[in-house]
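>>> let's see this in three dimensions:
(chains A and B)
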Amino acid sequence: MKFEEKATSILVALLVIGFTTLLALTTVLPEAEWSGADGQGMELIEQSLNYEPWANPIWEPPSGEIESLLFALQAAIGSLIIGYYFGLLKGRKEGENT
Amino acid sequence: MHIAEGFLPLEWCAVWYAIAVPIVAYGIYKAKKLRDRERGVMPLLAVAGAFIFVLSALKLPSVTGSCSHPTGTGLGVVLFGPSITAFLSAIALLFQALLLAHGGISTLGANTFSMGIVGPVIGWLLYLGVRKMNVGLLTSGFVAAFFADLMTYVVTAGQLAVAFPATKGGVLLSFEAFLGIFALVQVPLAIVEGIAVALVLRLLQEHGVAVELWQPKEVSRSEV
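Numbering: from 1, shown residues only, chains lettered A, B, ... in the order given. Model (predicted):
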């Protein structure tokens, strides 16, 4: 099976293409604001229904920079665990082979 | 899909908590049982949780000119089934509610219900369906992730619609409005997420991990 052999490379390529296409959209749609869908949903509730949220977040990142710091941290924690696991698998395999 | 803190009337917060809590509790119980039975699978469980952490942190631009984020629950549901995935999702959602002001404690039940429960359950059922038809693991994983992601947002739209029906047109009109915000933006993201899950499954296969071994019993038995 040809696909079986090349599946990993094909999937990596597809992922790169997919991600690049999404990023490239920002040049195709110059007028878009790229705001978050979550925020738009909440805005719709606030504005068209005059709804006042009855609770506020316990703590809010004080700026966009700190928010992106924490998002990066979240992704980093996840990536670290995934990377550790695949390293573990590779190490085990090599250990078996020696 | 994050309904922000305080953005659902109290009674709806209670409803979604009432449904989500027992399922997450069952997921914790299942995860503990799995740990007792097979300690060696814990790192893989961590990977499923970590995948949710990574994917749900990525806000990606989409065809609608707005941004949204994948959910990352597809991998967990393929590897461990829906109840453990509900537990893993709740951890990521709690992290975001406490540190990022994304979602909230009052809406944690609602957000767990969409991202951790209904999305993954639908992805899981479709995964089982296509698997039964002898579709390959990677394609089936793509299907699971695509629908787990997309349906999460459809559920969010539904939750907001029932809590905030339009004065004229009611729940259905609201549902349409919220779907307009949450659904189309998600389709390309769900495709990318599906590819990412297929890739991780492929890498696991390559490293000789028995990918379908830890699914809930009824399934792994019928597969073997």
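>>> drop to CA atoms for contacts and neighbour counts, all remaining ones
OK.
>>> all strands for chain B, in order.
Using DSSP state E, the strands of chain B run over residues B:60-61, B:67-68.
>>> tell me which element the most centrally placed residue in chain A is part of?
The central residue of chain A, meaning the one whose C-alpha is nearest the mean C-alpha position (Cα atoms, centre = their mean), is A:A75 at 7.3 Å. Taking DSSP states H and E as the definition, one finds A:A75 inside helix A:64-97.
>>> I'd like to know which elements that helix is packed against.
Judged by 3 or more Cα pairs under 8 Å, 6 or more residues apart in numbering or on different chains; DSSP states H and E, the packing partners of helix A:64-97 are helix B:42-57.
>>> what does the helix it packs on contact?
Taking Cα atoms under 8 Å, 6 or more residues apart in numbering or on different chains as the criterion, the residues outside helix B:42-57 that touch it are A:71-72, A:74-79, A:81-82, A:85, B:35, B:69-73, B:75-76, B:79-80, B:85, B:88-89, B:92, B:193.
>>> coming back round to it: now the residue nearest to the centre of chain A: closest residue in space, sequence neighbours ignored.
Counting by Cα to Cα, 6 or more residues apart in numbering or on different chains, the nearest residue to A:A75 once its immediate chain neighbours are dropped is B:V54, at 4.1 Å.
>>> pLDDT below threshold where in chain B?
Applying pLDDT under 70 to chain B picks out residues B:217-224.
>>> most distant residue from the centre of it?
With distances taken from the mean C-alpha point of chain B and given as Cα atoms, centre = their mean, the most distant residue is B:K168, at 32.4 Å.
>>> let me see the backbone angles for that residue.
Dihedral angles phi and psi of B:K168 (degrees, to the nearest 10) take the values phi -110, psi 120.
>>> nearest residue to B:A25 other than its sequence neighbours?
Of all residues not flanking B:A25 in the chain, B:F87 sits nearest, at 7.4 Å (Cα to Cα, 6+ apart).
>>> what's the burial count for the one you found?
If you count neighbours by other Cα atoms under 10 Å in any protein chain shown, B:F87 ends up with 25.
>>> residues in contact with it?
Applying Cα under 8 Å, 6+ apart, we find B:F87 in contact with B:I23, B:V24, B:A25, B:G27, B:I28, B:G116.
>>> contact partners for the closest residue to B:I23 other than its chain neighbours?
Once flanking residues are discounted, B:I23 sits nearest to B:S83: 6.3 Å by Cα to Cα, 6+ apart. B:S83 makes contact with B:I23, B:V24, B:Y26, B:G27, B:K30, B:I117 under the criterion Cα under 8 Å, 6+ apart.
>>> which one of those sits in the busiest neighbourhood?
Each of these was scored by neighbour count (other Cα under 10 Å); the top score is that of B:I117, with 29 neighbours.
>>> any stretches of chain A with poor pLDDT?
Residues of chain A meeting the criterion pLDDT under 70: A:1-4.
>>> if we use 90, what do you get?
Per-residue confidence for chain A (pLDDT under 90) gives these ranges: A:1-5, A:30-31, A:48-50, A:93, A:96-98.
>>> which parts of stretch B:1-12 are buried?
B:M1, B:H2, B:I3, B:A4, B:E5, B:G6, B:F7, B:L8, B:P9, B:W12 (16 or more other Cα atoms under 10 Å in any protein chain shown).
>>> dump it to PDB, keeping only the CA atoms.
The C-alpha atoms that make up stretch B:1-12 are tabulated as PDB, following Å, rounded to 0.1, in the frame of the first residue of the first chain:
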ATOM      1  CA  MET B   1     -17.800  27.800  22.100                       C
ATOM      2  CA  HIS B   2     -16.800  29.400  25.400                       C
ATOM      3  CA  ILE B   3     -19.900  30.900  26.900                       C
ATOM      4  CA  ALA B   4     -18.300  33.700  29.000                       C
ATOM      5  CA  GLU B   5     -18.700  34.100  32.800                       C
ATOM      6  CA  GLY B   6     -22.200  35.200  33.800                       C
ATOM      7  CA  PHE B   7     -23.500  35.000  30.300                       C
ATOM      8  CA  LEU B   8     -26.100  32.300  31.000                       C
ATOM      9  CA  PRO B   9     -29.100  32.800  33.300                       C
ATOM     10  CA  LEU B  10     -28.500  31.000  36.600                       C
ATOM     11  CA  GLU B  11     -31.100  28.300  35.900                       C
ATOM     12  CA  TRP B  12     -29.400  27.300  32.700                       C
END
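>>> so is it next to chain A?
Yes - contact of stretch B:1-12 with chain A is found when judged by Cα under 8 Å from any Cα of the partner chain, involving B:M1, B:H2, B:I3, B:A4, B:E5, B:G6, B:F7, B:L8, B:P9.
>>> just those: which are in helices?
Using DSSP state H, no member of these sits in helices.
>>> of the residues you listed, closest to B:T64?
Relative to B:T64, the closest of these is B:M1; by Cα to Cα it sits at 15.8 Å.
>>> which residues touch stretch B:92-100?
A:57-61, A:67, A:70-71, B:49, B:52-53, B:102-105, B:108, B:111-112.
>>> now find how far off-centre it is within its chain.
If you compare the mean C-alpha spot of stretch B:92-100 with that of the full chain, they lie 15 Å apart, counting by Cα atoms, centre = their mean, to the nearest Å.
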